[in-house]
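Engineer: Got a sequence here, can you build the structure:
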Amino acid sequence: MNNRLAFLNNNAMRGRLLVVAAAVLWSTSGIYAKSPVFESWPLAERGVMFAFWRSLFAAAILACLVRRISWSWRLLVSGLTFAFMNVTYLSAMVYCEVGLAIWLQYTSPIWVLLMGYLFLGERPPRSDAGIWLLIICGILVILLGQPGHASGWGISLGLLSGIGFAGVVVAIRWMRDIDPAWVVFVNHFFTAIVLLPVMVRQGIWPQADQWGMLAAFGVLQMGLPYVLFAWALRSIDSNEASGLTLLEPLFGPLWVLIFYSSVASYEPPSWGTLLGGGLILLGLTIRYWRLARHRKTTDSK
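Structural biologist: Numbering: from 1, shown residues only. So this is what the prediction gives:
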């Protein structure tokens, strides 16, 4: 009993458990995006509608994290980039099977590398060349290994979402002097504001059985995980936390399989998604392991 209490009282272990919980909640996006409840929504507009409602409900819970409000024109750039990432990712999930959409967004580190070099003057170490090669090979395998009926538009949106996510990461680095909780809140709220005119023009609003799913999409899948992740970063470093979030692409397709495998529209992951995703996972795992090891070595000196 004492060992169990000591295990739970360990700050680092609590932080890891919080990140695992956040990653599992993030991985549930397919449960909402692939739900038959939303089949009445037009396919072409569904991604935008998901992005609006998810951001709106997420902003409501993220507001409680904000401790310091400050204004900068950089928030506008960050908000626009986040809105772009949100729409392209959820649209890709509508058109593609969930695993494909998630792995294409997880190509973001290669785009972060490129953007950091072009805009922030960050030069990656040559020792990481093998890691980036694995990720690039994973992208190529995913693209070449899709079945003939795969949506080219969905694949393009997935790649764009990876670029958008990279832009969000670079923008947050760019605003190190601003409270990160405020930045994340503004990103979600700004997305909802930007997409509101589109929603009004479409004139399509949720029905009774859709409100609960949308609220859960924003609060449980997006807002609450950010809260848990922020708490976790008080106990463990960001490199270890980022490595643990790799549970998201592993669990994502599993949830869809459990909930919707009997639905006629269910689409299992292709061999290209599985193999390419495995290469990306291997590259990212090596990367985060190296970062964590380097941090540990530095702290011990």
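
Engineer: Could you use CA atoms for every contact and neighbour count after this?
Structural biologist: Will do.

Engineer: Give me the number of neighbouring residues for Arg14.
Structural biologist: 17 (other Cα atoms under 10 Å).

Engineer: Report the rounded mean pLDDT for the helix or strand where Gly130 lies.
Structural biologist: Assigned by DSSP states H and E, Gly130 belongs to helix 129-144. Averaging pLDDT along helix 129-144 gives 78.

Engineer: Buried residues of the helix or strand containing Val200, list them for me.
Structural biologist: In the assignment (DSSP H and E), Val200 maps to helix 180-202. Residues of helix 180-202 classed as buried by neighbour count (16 or more other Cα atoms under 10 Å): 180-192, 195-196, 199.

Engineer: Next up, the contacts around Ser35.
Structural biologist: Going by Cα atoms under 8 Å, 6 or more residues apart in numbering, Ser35 touches Tyr260.

Engineer: any idea of the pLDDT on it?
Structural biologist: Looking at Ser35, the pLDDT reads 89.

Engineer: Export stretch 138-157 to PDB, keeping only CA atoms.
Structural biologist: The C-alpha trace of stretch 138-157 is given here as PDB (Å, rounded to 0.1, in the frame of the first residue of the first chain):
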ATOM      1  CA  GLY A 138       7.400   7.600 -44.000                       C
ATOM      2  CA  ILE A 139       5.600  10.400 -45.900                       C
ATOM      3  CA  LEU A 140       6.500   8.900 -49.200                       C
ATOM      4  CA  VAL A 141       5.300   5.400 -48.200                       C
ATOM      5  CA  ILE A 142       2.000   6.900 -47.000                       C
ATOM      6  CA  LEU A 143       1.500   8.800 -50.300                       C
ATOM      7  CA  LEU A 144       2.500   5.900 -52.500                       C
ATOM      8  CA  GLY A 145       0.800   3.200 -50.500                       C
ATOM      9  CA  GLN A 146      -2.800   4.500 -50.600                       C
ATOM     10  CA  PRO A 147      -5.400   2.500 -52.500                       C
ATOM     11  CA  GLY A 148      -6.700   3.800 -55.800                       C
ATOM     12  CA  HIS A 149     -10.000   5.000 -54.300                       C
ATOM     13  CA  ALA A 150      -8.200   7.200 -51.600                       C
ATOM     14  CA  SER A 151      -9.100  10.800 -51.700                       C
ATOM     15  CA  GLY A 152      -6.300  12.900 -53.200                       C
ATOM     16  CA  TRP A 153      -8.000  16.000 -51.800                       C
ATOM     17  CA  GLY A 154      -8.100  14.500 -48.300                       C
ATOM     18  CA  ILE A 155      -4.400  13.600 -48.600                       C
ATOM     19  CA  SER A 156      -3.500  17.100 -49.700                       C
ATOM     20  CA  LEU A 157      -5.500  18.500 -46.800                       C
END
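
Engineer: What are the contacting residues of that stretch?
Structural biologist: Contacts of stretch 138-157 (Cα under 8 Å, 6+ apart): 88-89, 91-96, 100-101, 104, 107, 270-280.

Engineer: Those residues in helices, which ones?
Structural biologist: Among the contacts of stretch 138-157, the ones falling in helices (DSSP state H) are 88-89, 91-95, 100-101, 104, 271-280.

Engineer: how about low-confidence regions in the chain?
Structural biologist: 1-10, 119-122, 124-125, 146-151, 237-240, 242-243, 288, 291-301 (pLDDT under 70).

Engineer: what about the strands in it?
Structural biologist: For the chain, no strands are identified by DSSP state E.

Engineer: Can you say which of the contacts of stretch 138-157 are buried?
Structural biologist: Using 16+ other Cα under 10 Å, the buried members of the contacts of stretch 138-157 are 88-89, 91-96, 100-101, 104, 107, 270, 272-280.

Engineer: contacting residues for the closest residue to Asn86 other than its chain neighbours?
Structural biologist: Leaving aside its sequence neighbours, Asn86 sits nearest to Ala51 (Cα to Cα, 6 or more residues apart in numbering; 5.8 Å). By Cα under 8 Å, 6+ apart, the contact list for Ala51 reads Ala83, Asn86, Val87, Leu90, Thr191, Ala192.

Engineer: again, only this time at 7 Å
Structural biologist: Asn86, Val87, Leu90 (Cα atoms under 7 Å, 6 or more residues apart in numbering).
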